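K.L.:
Structural data only, the sequence is not supplied:
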């Protein structure tokens, strides 16, 4: 139990569906992240939120839309995805942005399959 | 763009053997972290090294940061099945606010 909870754990969706991934952290952290983990690529940072403000958006296609309504919750809204978007989506949080000497706390991930 | 290469990508050994995995880059990092990810879980931080040449020990795991802060190694002594997992290194930029992850080393320790 890392204090970061992701739902759903597994999601199968068609290319025309709209779905959302949810992340909640119970650690009182100020920064939250979405990462994509594919089979043959390093962990890819998608979005960073610090104090509910988006501070990083690593050239992610617009079919991925993040939302951070407060410092404890983070969503990733998905629409018109492609099969190559199938991956494990990991949410993480940290005390603040100084992750280099701090620590990322990851959730267990949401395994997404796009048919 | 800072890149981190990990080797080997896969490693399957018997319980009791020793092993070393490597994390290399042409870039300098302000710090380097090692995470372990078990099946069905997210990565969990094992250690952070900050100073060039630094060595840290965590029970049977020994972590070293290269003198030039471009590379790192993880040595496991007398591996156990519980060490099975994906080992990820991550280097931090100068500002310390961005981590670049390596591709990972998938370790399997057979009883």
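P.N.:
Sure, I can see it. Because the structure is a prediction, the values reported are computed rather than measured.
K.L.:
Okay, buried residues for the helix or strand bottoming out on mean pLDDT in chain A please.
P.N.:
The weakest-scoring helix or strand in chain A, judged by mean pLDDT, DSSP states H and E, is strand A:53-57 (a mean of 80). Neighbour-count burial for strand A:53-57, counted by 16 or more other Cβ atoms under 10 Å in any protein chain shown, picks out residue A:56. All C-beta spots, glycine's among them, are computed from the backbone N, C-alpha and C.
K.L.:
and residue 52, how many neighbours?
P.N.:
This is for chain A. 15 (other Cβ atoms under 10 Å in any protein chain shown).
K.L.:
was after chain B, sorry
P.N.:
Residues within reach of residue B:52, counting by other Cβ under 10 Å, total 12.
K.L.:
just residue A:14 next, same as before
P.N.:
The burial count for residue A:14: 10, using other Cβ under 10 Å.
K.L.:
so how far is chain B from the closest residue to it other than its chain neighbours?
P.N.:
Excluding its sequence neighbours, the residue lying closest to residue A:14 (Cβ to Cβ, 6 or more residues apart in numbering or on different chains) is residue A:115, at 5.5 Å. Between residue A:115 and chain B the distance is 22 Å, computed by Cβ to the nearest Cβ, to the nearest Å.
K.L.:
distance of residue A:115 from residue A:82?
P.N.:
Note on residue A:115: its distance to residue A:82, by Cβ to Cβ, to the nearest Å, is 11 Å.
K.L.:
Overlap in contacts, these two.
P.N.:
Shared contacts of residue A:115 and residue A:82 (Cβ atoms under 8 Å, 6 or more residues apart in numbering or on different chains): residue A:15.
K.L.:
re earlier: hang on, isn't the residue nearest to residue A:14 packed against residue A:15?
P.N.:
Yes - using Cβ atoms under 8 Å, residue A:115 makes contact with residue A:15 at a distance of 7.2 Å.
K.L.:
For those two, indicate the residue with more neighbours.
P.N.:
Neighbour count, other Cβ under 10 Å: between residue A:115 and residue A:15, residue A:15 has more, with 13 against 10.
K.L.:
Name the SS class of the spatially most central residue of chain A, please.
P.N.:
Most central in chain A under Cα atoms, centre = their mean is residue A:34, positioned 2.7 Å from the mean C-alpha point. Assigned by DSSP: H, G, I helix; E, B strand; the rest coil, the conformation of residue A:34 is strand.
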